[in-house]
Structures are given as structure tokens and as C-alpha cells.
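**Student:** Here is the input, now give the coordinates:
(2 chains)
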There are 2 protein chains.
Amino acid sequence: MSDVTTTKRGRPGYDQRAILDIAVAAFNEYGYDATSMGVLAARLDLSKAAIYHHFSSKEELLALALNEALTGLEGVLLEEGALDGAAIDRLAYVLRGAVQVLTAKLPSVTLLLRVRGNSDVERQALTRRRAFDRAVSALVVQAREEGTIRADVDPRIVTRLVFGMVNSIAEWYRPEGPEDAAELADDVLKLALDGLRMPR
Amino acid sequence: MSDVTTTKRGRPGYDQRAILDIAVAAFNEYGYDATSMGVLAARLDLSKAAIYHHFSSKEELLALALNEALTGLEGVLLEEGALDGAAIDRLAYVLRGAVQVLTAKLPSVTLLLRVRGNSDVERQALTRRRAFDRAVSALVVQAREEGTIRADVDPRIVTRLVFGMVNSIAEWYRPEGPEDAAELADDVLKLALDGLRMPR
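**Tutor:** So this is what the prediction gives:
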């Protein structure tokens, strides 16, 4: 999170991180295309030259934010809980990890979820996101082969629906809100693995 | 769907429906704010005056499309399957209906899902959408009271997660694609009500 505000008080000493945070917030609020370096400079009360001292271009800001979100998600796949054990437990681990990354890095994940592939940076991000989705889909396939999850839904559809549920959290979750991130991950797992229906 | 294309061939005889369809497609592709009446006129190969002959403003096009999506969703709540029977069956009926409306009226529902409340028309649409969500949430509460769905997840969170799943379908579903809309509704119900896990 940024440790400075955009209220005018002379020339605040922004570091790279603070500029990036404010840029990502602006991209999410106004859209990446609609946010010029001039708009960012005004929001930071800095000259454009001061931003260019830290970042070569607006696209570098976008690339850094998308990389942060993707590195977080990809990191989950490399943790022990995602690599060892029954596929259904690894799937549960990855889903929980994805909710944690989303809630902990909400601004950069929100930005990632809105990427449509309008530039090389966006297309590279989409390629990495699809690789993550494929890894999850492979876990679904494996759990199905191990007989632990139902075989009557296409694994690709399952992956899309479950991540539709996970990603939708970005639309309403607020770190300062009443929902606890760990409880939310529990809720996602209950719903995705066991469903709403009371066992009969 | 539109029965004319935007290829130039003199002055095509667009009716209201065709103009609305092309406008909604443009709003979804470029964003509502970024789509001016001039852009629409160029896309339709019509004069702006010809569009104004059918519609008083760009906002009227937006209002008509949002109303179409909302009327579809609200209509599900008024059908017999949503009104009679055990709450869990009514909930299942409404979820299936919501998937059907989404797939049948994909462009206008996609537009509805992107509304952020930037104008009176958008705020009115959000109010109606929230009323729909509340009605679904009330069904979750009732099913819980009837003992048919699990009591360890907050009904508001359940409603958000399940509709996160339903609404995410708009991001990838294509009417001409391989997924059958009725099967997709089945998949949503399996996942939401019974979960992925194989019964033990």
C-alpha cells in the first residue's frame, strides 16, 4: 500500500513502490488506456519527468503490476501443498492460495483480471494466466482420475466456473471490510468442493 | 440479433432492434463512455439524425439494453418454479433461469455486469440488480431455515460467490461455441449445490 497520499503538500518523496501503487489504483479506477502519464503526474503532484526518473513508460508500470499478480499466483503452484499429496488436496491448496493472493494483492490482481490483450505486455500476461489456468485444470483432471471428484462435468468448465467464483471476489472484497480473507477462502472451498446442499 | 451488417451497401434499412443490437455490441467492445453517437453512426453507416429518429439519446440505448437484461432476470423470479416448493428447489430454479437469461441475452447481460453507477440510468439498473440479488439471498436464507443447505456460510457470501460463478460465464460463453446453454446450467447447479467432491 502507498504510504503517501495525493493531497498537496509540496513535493512528496514518493518511492517507486508508492508511484506504482497510485498508478495501479488509477488504472483500476479510470481504465489503463484512459490514464495518461499526465493524469498520473497530476494525481501524484509530480512532474512527468519525476515519474520517468523511476519508470521508462506507462507500460512499464502495467508490466510490473501484472507481473506482481502473476508471480503471486504462479508461486502458489510451486509450494509444497500444491505439489505433494492427493490431487483433490492439491487443488484445494491452490484454490485457497489463489484467494489469498487475490485478497493480499487486490489492486494488481484486479488489473490482471481486466486485461484484454491490447498490447504485447497484456498478451504476455494473458499467456501466463492461461498457463496457470491449465495447471489448475490438470489438477482437476488428475483428481477425477483418482476418483475423488465427480466425472460428470468437463474439467475445463469446472476450472472456469470455480475461477469465475474466485475472481468475482475482486469485485466486492475490501481489505478493510468485514470479511476475513482466510474465512472467505474456507467458504470458496466449501462451496466448490462440497456444495451448498446439506448431506442427506 | 442484428439482421444487417455494417458493410457499406448504400443506406441499409435498420430497424430499432438492429440499431440497439449494434449499439450494445459497440458499448461492450469499446466501453459505453468511449462510444459516441458519432462512432455508432459510422458503424451503422447512418447519419446521427437517422439514429435520433429512433432513439432520443445514447442513454436511451443504454437504458433499453439494461432493461432487457433486468426484465429477463426479474422474470425468472416471477415464474412458478421460483415461487412454489421447497426453497432449495426454488433456488435451483432461479440459478438455472439466470444462466438461461445470461446465455440467451448475452450482450445486454454483459453490459449490465459492467455497469458501475456513473449515471442515473446506471444507478437505477444497479438498484434493480441489487433487488434481484436480495431475492436470491432470501431464498438461500429460507433454504437454510428449512435445513436443506449448509448453515456454515453467510447467505450474503453464498449469493455473491454463486453469482460470481454464474456471471463469469459472460466472459467466455459464445452462443456459437461448443458449450450447450442447458448443460452449462446443469454444471452450475452441480457445482453450487453438490460440489466437486465425489460422495464418500
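**Student:** buried sites along whatever helix or strand A:Glu183 lives in?
**Tutor:** Using DSSP states H and E, A:Glu183 maps to helix A:181-189. For helix A:181-189, the neighbour count (16 or more other C-beta atoms under 10 Å in any protein chain shown) marks A:181, A:184-185, A:187-189 as buried. Yep, even glycine has a C-beta here, placed from its N, CA and C like the rest.
**Student:** can you list the residues of chain A near chain B?
**Tutor:** By C-beta under 8 Å from any C-beta of the partner chain, the residues of chain A that approach chain B are A:31, A:88, A:140, A:143, A:147-150, A:152-154, A:157-158, A:160-169, A:171-172, A:179, A:184, A:187-188, A:190-198.
**Student:** please redo it, this time with the cut-off set to 6 Å
**Tutor:** By C-beta under 6 Å from any C-beta of the partner chain, the residues of chain A that approach chain B are A:148-150, A:153, A:157, A:161, A:164-165, A:168, A:187, A:190-191, A:193-198.
**Student:** Just the buried ones from these?
**Tutor:** Among the residues of chain A next to chain B, those classed as buried by 16+ other C-beta under 10 Å are A:148-150, A:153, A:157, A:161, A:164-165, A:168, A:187, A:190-191, A:193, A:195-197.
**Student:** Out of the residues you listed, flag the one nearest to A:Phe27.
**Tutor:** A:Ser168 (19.6 Å; C-beta to C-beta).
**Student:** Once you drop chain neighbours, what's closest to A:Val94?
**Tutor:** Nearest residue to A:Val94, sequence neighbours excluded (C-beta to C-beta, 6 or more residues apart in numbering or on different chains): A:Ala82, at 5.2 Å.
**Student:** how about the one you found, what does it touch?
**Tutor:** Counting by C-beta atoms under 6 Å, 6 or more residues apart in numbering or on different chains, A:Ala82 touches A:76, A:90, A:93-94.
**Student:** Domain-wise, how is chain A divided?
**Tutor:** A:16-55, A:59-194 (automatic domain parsing).
**Student:** now do the same end-to-end measure for the first one.
**Tutor:** Right, the one you point to is domain A:16-55. One end of domain A:16-55 to the other measures 8 Å (C-alpha to C-alpha, to the nearest Å).
**Student:** remind me which residues of chain A are low pLDDT?
**Tutor:** Across chain A, the ranges flagged by pLDDT under 70 are A:1-13, A:200.
**Student:** coming back round to it: could I get the domains of chain A as JSON lines with distance to B:Ala65?
**Tutor:** Supplementary listing: the domains of chain A in JSON lines, determined by distance: least, C-beta to C-beta, whole Å:
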{"stretch": "domain A:16-55", "distance to B:Ala65": "20"}
{"stretch": "domain A:59-194", "distance to B:Ala65": "20"}
